[in-house]
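Colleague: predicted coordinates and the sequence they were generated for:
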Amino acid sequence: MTINIGETVFFDAARFCRIGAAIVLLGIAGCSSTNTSAPVPMAENAGPKDTGTFPNLNIPPKVANKQLTQAETSAKLAELKADGSAQGAKNSGGAAVANQAALADLATKHGPQTLKQIEGKCDPALDPTCK
């Protein structure tokens, strides 16, 4: 059984260097040019205030914007439904496939033909502009 002294010595030295570098970096990171010992000032109006009375929960909240009327809501919904049905009509049910065998044949040959064109081994029968 042999012990490789070189590996043990160099790996241990590297470990000590990494530990030393980490300690130095942590020490540098701990130093700061700003004074962090002073407490952070709070805003004057922050937090709850004791007014000596109970809050009035019956006050309605302020709205962020003008609300839609019932007529505007109905018009927007009708417009959205019309757009949705038009979109559905475009995408629903394509034309029926006339020849399933032709599509299967295309699927088996399309990949190799495309690879030939990409690799520069083009076939004039496939691509008339090929030279």
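Modeller: Noted; the coordinates are in hand. Predicted model, so just to flag it, every value in this text is computed and none were measured.

Colleague: continuing past the lowest-mean-pLDDT helix or strand in the chain, what's the next helix or strand?
Modeller: Of all the helices and strands that make up the chain, helix 5-30 has the lowest average by mean pLDDT, DSSP states H and E, namely a mean of 69. In the C-terminal direction, the helix or strand that comes right after helix 5-30 (DSSP states H and E) is helix 70-91.

Colleague: next one: that following helix to chain centre, how far?
Modeller: Computed by Cα atoms, centre = their mean, to the nearest Å, the chain-centroid distance of helix 70-91 equals 30 Å.

Colleague: just how off-centre is the helix or strand where residue 107 lies within its chain?
Modeller: Assigned by DSSP H and E, residue 107 falls within helix 100-119. Helix 100-119 has its C-alpha centroid displaced from the chain centroid by 35 Å (Cα atoms, centre = their mean).

Colleague: quick check: mean pLDDT across it?
Modeller: Mean pLDDT, helix 100-119: 84.

Colleague: list the helices and strands that helix packs on?
Modeller: Of the remaining helices and strands, none touches helix 100-119 by 3 or more Cβ pairs under 8 Å, 6 or more residues apart in numbering; DSSP states H and E. C-beta coordinates here come from the backbone N, C-alpha and C atoms, glycine included.

Colleague: now do residue 107 against residue 26, distance only.
Modeller: 62 Å (Cβ to Cβ, to the nearest Å).

Colleague: got it, and residue 18?
Modeller: Residue 18 sits 13 Å away from residue 26 when distances are taken as Cβ to Cβ.

Colleague: now stretch 39-46, how far from the centre of its chain.
Modeller: Centroid displacement of stretch 39-46 relative to its chain, using Cα atoms, centre = their mean, is 37 Å.
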